[in-house]
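Novice: I'd like to go over a predicted model; first the sequence, then the structure.
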Amino acid sequence: MNTVVVFLYTLFVAVVSLSPGTGSSIDPWDKLAHFGTYGIFTVLVWGITGYGRRFIVACLCIVLYGGIIEITQSFLPGRVMSGYDFLANTLGVVIAGSWLWRRVAIRRAGVIRAEHRN
């Protein structure tokens, strides 16, 4: 089920990112949307890979996907490639991934009790 959700989300990101646009935007809300979209992407992928090397590789693939989307936009009418969008995408992946990684590392160290223990 998680794999299907990630696949559908991947398609959603492609459709929204590659549909005709109005050109470049340096609006902070646009960058926040990029950050959030790729942060959610990272959380969804965590559900498949969990803690470990597979998650790190998956995060690198998400960043690469964002880069490919940005490059592809440069060939579409009404779209432009934006380094700022790529930066926001990458920061979404890095911050969400770091937060998830740290939560597990702390739990493994026994600092945070498991949520289901009472």
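Specialist: Alright, I've got the coordinates.
Novice: where in this protein is pLDDT low?
Specialist: In the predicted model of the chain, residues 22-26, 111-118 satisfy pLDDT under 70.
Novice: Can you check which helix is longest in it?
Specialist: Determined from DSSP state H, the single longest helix within the chain is helix 83-108.
Novice: Whichever strand or helix holds Leu60 packs against which elements?
Specialist: Taking DSSP states H and E as the definition, one finds Leu60 inside helix 53-73. Packing partners of helix 53-73 (3 or more C-beta pairs under 8 Å, 6 or more residues apart in numbering; DSSP states H and E): helix 2-18, helix 28-49, helix 83-108. Bear in mind the C-beta positions are built from the backbone N, C-alpha and C, glycine included.
Novice: Please report the distance of the residue positioned nearest the centre of the chain from Ala58.
Specialist: With distances taken as C-alpha atoms, centre = their mean, Tyr38 lies nearest the centre of the chain, 2.2 Å away. Separation of Tyr38 from Ala58 (C-beta to C-beta, to the nearest Å): 12 Å.
Novice: Tell me the spatial nearest neighbour of Thr37, not counting adjacent residues.
Specialist: With C-beta to C-beta, 6 or more residues apart in numbering as the criterion, Thr37 has its nearest non-adjacent residue at 6.3 Å, and that residue is Val13.
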